[in-house]
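> 3D, please:
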Amino acid sequence: MERQARVGVIGGSGLYNIEGLANKEEIRLTTPFGDPSDAITVGILEGIDVAFLPRHGRGHRITPSELNFRANIFAMKQLGVRQLVSISACGSLREAFAPGHVVIPDQLFDWTRQRELTFFGRGLVAHIGLADPYCPHLSQAAFEATVAAGGTAHKGGTLITIEGPRFSTKAESRIYRQWGLDIIGMTGSPEAQLAREAEICYTCVAHITDYDVWHESEEPVTVEMVIQQLSKNVNMAKASLLHLLRHLPDPESCACGRALDAAIMTDLKTVPPQTKSELWPLVQRFFGEAGKG
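Predicted coordinates:
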């Protein structure tokens, strides 16, 4: 593939495009797992080649459970992306994380039930480590960029991913708080683990839109509430992205790009040719160019 990008951005609810991209091109990709949510826009921003994908498709057509997470992340890998920023709308499970704030989580709790969670299988087994699901270097840079853009940012916290598309019941929200969870969303998993399997540095920039339904003095979350808060945050989100692109960490400085080194269990000589061919962007370095056939 001729057009490549170093940084990928997946825009969540309310962020469906990035302004100011130079040398812009829309690329429609297909993957062994199907098509991504939409065409990926590749262009240059702050001197960096950037690939942007609206997670739910332009016009917000795709529910969280319908998202083809594997195709989205695999397409980023096909484009050569090494650092991936997820911009997400989330609810708060903590008083201190108020609507309008930004949280850069450092932990993830997967409470989904219907999603494809791995690229591997079909004769090739890999068990990645996910003790720390977000890239620490990229997350630190995202935190600093949010502060520099004038946002109120919190570094660290646990994001629970629920299936959706409905919002929580009050009983569920209270239980999540008792479990010690901090923010809640519908798309954090399996994005993070798939990015790790793809050996891409990954961070989440969670824009807090509401207090879910647990807060007795606040109205329960609604779509209108989410949209109103996101519209207030969108300029800050774009400004923080520009700052982040100016201060990107070196992807070589962390272990994300070598996540498969100790993960693949299968004797490579036994991998079915079709599986090897399908997963080639992920496993090429283990076989070498001559091993694709």
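> quick one: low-confidence ranges for this protein?
1, 13-14, 217-218, 289-293 (pLDDT under 70).
> repeat that with 80
1-2, 12-17, 216-234, 288-293 (pLDDT under 80).
> Quick one: the helices in the stretch 151-293 of the chain, in order.
170-178, 188-197, 223-246, 273-278, 280-287 (DSSP state H, counting those that start in this stretch).
> Tell me which of these lies nearest to Glu46.
With C-beta to C-beta as the measure, helix 223-246 is the member of the helices of the stretch 151-293 of the chain nearest Glu46 (4.0 Å). Heads up, the C-betas are built off the backbone N, CA and C, glycines and all.
> Name the helix or strand for the residue nearest to the spatial centre of the chain, please.
Centroid-nearest residue in the chain: Ser86, 3.8 Å away (criterion: C-alpha atoms, centre = their mean). Using DSSP states H and E, Ser86 sits in strand 83-92.
> ok, that strand: who's next to it in the sheet?
Strand 83-92 pairs in its sheet with strand 7-11 (parallel), strand 183-185 (antiparallel), strand 201-210 (parallel), by DSSP bridges.
> would you turn the ones you listed into a markdown table with distance to Asp38?
Output for these, formatted as a markdown table (distance: least, C-beta to C-beta, whole Å):
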| stretch | distance to Asp38 |
| --- | --- |
| strand 7-11 | 10 |
| strand 183-185 | 20 |
| strand 201-210 | 20 |
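> Just send these back as a markdown table, with mean neighbour count and distance to Leu45 too.
Shown next, in a markdown table, are those (neighbours: other C-beta atoms under 10 Å; distance: least, C-beta to C-beta, whole Å):
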| stretch | mean neighbour count | distance to Leu45 |
| --- | --- | --- |
| strand 7-11 | 26 | 8 |
| strand 183-185 | 27 | 25 |
| strand 201-210 | 27 | 16 |
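> right, so of those strands, which gets closest to Glu19?
strand 7-11 (11.8 Å).
> Surely the residue nearest to the centre of the chain touches Ser189?
No - judged on C-beta atoms under 8 Å, Ser86 makes no contact with Ser189 at a distance of 11.0 Å.
> can you list residues touching both of those two?
Residues touching both Ser86 and Ser189 (C-beta atoms under 8 Å, 6 or more residues apart in numbering): none.
> circling back: residues making contact with the helix or strand following the strand holding Ser86?
The first helix or strand that comes after strand 83-92 along the chain, using DSSP H and E, is strand 102-104. With contact meaning C-beta under 8 Å, 6+ apart, strand 102-104 is reached by 90, 92, 97, 134, 139, 142-143, 146, 151-157, 159, 182-183, 203-208, 233, 236, 240.
> which strands and helices sit next to the helix or strand just after strand 102-104?
Following strand 102-104 in sequence order, the next helix or strand is strand 107-111 (DSSP H and E). Packing contacts for strand 107-111, counted by 3 or more C-beta pairs under 8 Å, 6 or more residues apart in numbering; DSSP states H and E, involve strand 158-162, helix 188-197.
> Can you add mean neighbour count and give these back as CSV?
CSV is the format used below for these (neighbours: other C-beta atoms under 10 Å):
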stretch, mean neighbour count
strand 158-162, 24
helix 188-197, 25
